[in-house]
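*Asks:* task: produce atomic coordinates for the following.
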Amino acid sequence: MRFQAAVLRSYEDPFTVEEVTLRTEPADGEILVEIAGCGMCRTDLTVRRSAGRSPLPAVLGHEGAGVVVWTGGGPDTAIDVGDHVVLSFDSCGHCRNCRGAAPAYCDSFASLNLFGGREEDEPPLTDATGRALAPRWFGQSSFAEYALVPARNAVRVDPALPVELLGPLGCGFLTGAGAVLNTFGAGPGDTLVVLGAGAVGLAAVMAATAAGALTVAVDRQPGRLALAERFGAIPLPAETVGLPERIRRLTDGGAQYALDTTASSPLINDALRALRPTGSLGLVARLHTALPLEPGTLDRGRSIRHICEGDAVPGLLIPRLTGLWQAGRFPFDQLIRTYPLADINEAERDCDAGRVVKPVLLPERRSR
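*Replies:* Purely as a prediction, here's the structure:
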């Protein structure tokens, strides 16, 4: 099967949209999805900075959504041809954490998601010359017209929803909203500070507003702060003098929860100082250097932990988020700008420059 995909061939060069070949059919527990739209996530773009650790050439993309066109069957495939699905991260389903409803902490998370696939097979995608492309990225490789994915990755959604916009619910928006709704369990009367008003941070703001929590959003960009205010947060510039003290005043003695999406050591320390006793800070951005914690920041029962994929079970959280969207309480579509798949490099430039919060790539769909 031949179709168009965006291929990253080197860490420095642009993506190239070219013909690729899928050399295998869906096996038991797999489905083939015609991609209607795929969000561009910062995790996709960090491959460029992986210092050679990520194999190339590869088809990236892990916020796909579309329509099932082929299933491999099997007892674990409860999805049918014609179903509309959102694709999320991969997990094994049988390790202790997966069985404990914590698939984001799957024992095999790294091997399955960082270019995983069937161990017994050659990589399923090749380019026009027959050269193999790296195996599935996050179980998807959905910067393409089609994606062969484990059915476990897929969450069935209402076909009345705009499927081309739903992909970011599988990772970026899932992460921010899940941190608020799952990890923190925030509700009426709770207070939250969100550091960084990008896609993850703004999803957290929307979820906190939907849950009835008071939220303070911190960012350096006035436009992002304006978005956070639109979604119900109190905006606060990151350069504010005495930032922790200001947050404590706004949250009546300190925030109960803080979510950092920036990986900025100074902001992380500010957030810890802004917490009330027993308050919790969650980190979602990957730290690339040591994190120096200033004296006193973890006193009085304060805690800090990393949050992966919003502590989500995608099959539970994604329907919850689409339900909130239908009720007008999680307007994630206002963060999205769409681009044809052919314009993937423009989307990347706009994302890097902060001109767009969440780019979504739209491949040509043959079934239209």
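*Asks:* what separation do you get for the closest residue to Ser54 other than its chain neighbours and Met40?
*Replies:* Distances taken as CB to CB, 6 or more residues apart in numbering put Val47 closest to Ser54, at 4.6 Å, once the chain neighbours are dropped. (Each C-beta comes from the backbone N, C-alpha and C, glycine too.) Relative to Met40, Val47 is positioned 12 Å away (CB to CB, to the nearest Å).
*Asks:* one more: Gly66?
*Replies:* 16 Å.
*Asks:* I figured Pro14 hits Asp343, correct?
*Replies:* No. Applying CB atoms under 8 Å as the test, Pro14 and Asp343 come out as separate, 11.1 Å apart.
*Asks:* neighbour count winner among these two?
*Replies:* The neighbour comparison of Pro14 against Asp343 (other CB atoms under 10 Å) goes to Asp343, with 18 against 14.
*Asks:* circling back: so for Val47 and Met40, which sits in the more crowded spot?
*Replies:* Between Val47 and Met40, Met40 has the larger neighbour count (other CB under 10 Å), namely 28 against 19.
*Asks:* where does the stretch 101-250 of the chain dip in pLDDT?
*Replies:* In the predicted model of the stretch 101-250 of the chain, residues 118-121 satisfy pLDDT under 70.
*Asks:* the strands in it, which residues?
*Replies:* Along the stretch 101-250 of the chain, counting by DSSP state E, counting those that start in this stretch, strands occupy 125-127, 146-150, 154-157, 191-195, 214-219, 234-237.
*Asks:* buried deepest among those, which one?
*Replies:* strand 191-195 (a mean of 29; mean count of other CB atoms under 10 Å).
*Asks:* show residues contacting that one.
*Replies:* 180, 184, 186, 201, 204-205, 208, 213-219, 228, 233, 238, 247, 251-252, 254-262, 264, 267-268, 271, 274, 276 (CB atoms under 8 Å, 6 or more residues apart in numbering).
*Asks:* among these, which ones are buried?
*Replies:* Buried members of those, counted by 16 or more other CB atoms under 10 Å: 180, 184, 186, 201, 204-205, 208, 213-219, 228, 233, 238, 247, 251, 254-262, 264, 267-268, 271, 274, 276.
*Asks:* just these: which are in helices?
*Replies:* Within these, residues falling in helices by DSSP state H are 201, 204-205, 208, 228, 247, 267-268, 271, 274.
*Asks:* may I see those organised as CSV, with distance to Leu316 added?
*Replies:* Formatted as CSV, those follow (distance: CB to CB, whole Å):
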residue, distance to Leu316
Gly201, 22
Ala204, 18
Val205, 21
Ala208, 19
Ala228, 26
Ile247, 31
Leu267, 31
Ile268, 29
Ala271, 28
Ala274, 31
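*Asks:* out of these, who's nearest Ala102?
*Replies:* Closest approach between those and Ala102, by CB to CB: Ala204, at 19.6 Å.
*Asks:* contacting residues for the nearest residue to the closest one once chain neighbours are set aside?
*Replies:* Leaving aside its sequence neighbours, Ala204 sits nearest to Gly176 (CB to CB, 6+ apart; 3.8 Å). If a contact means CB under 8 Å, 6+ apart, then Gly176 has 199-205, 207, 259, 261, 284, 310 as its contacts.
*Asks:* please redo it, this time with the cut-off set to 7 Å
*Replies:* 200-201, 203-204, 207, 310 (CB atoms under 7 Å, 6 or more residues apart in numbering).
*Asks:* need those residues in TSV (columns: distance to Leu165).
*Replies:* Shown next, in TSV, are these (distance: CB to CB, whole Å):
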residue	distance to Leu165
Val200	17
Gly201	19
Ala203	14
Ala204	19
Ala207	17
Gly310	19
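*Asks:* quick check: the farthest pair among those?
*Replies:* Of all pairs in those, the most separated under CB to CB is Gly201 and Gly310 at 12.4 Å.
*Asks:* and for Cys92, nearest residue in space, chain neighbours not counted?
*Replies:* Ser108 (4.6 Å).
*Asks:* ramachandran angles for that neighbour?
*Replies:* phi -110, psi 20 (degrees, to the nearest 10).
*Asks:* look up how far Leu291 lies from it.
*Replies:* The separation that Ser108 has from Leu291, given CB to CB, amounts to 27 Å.
*Asks:* which of these two has more neighbours?
*Replies:* Taking other CB under 10 Å, Ser108 and Leu291 do not tie; Ser108 has more neighbours (16 against 11).
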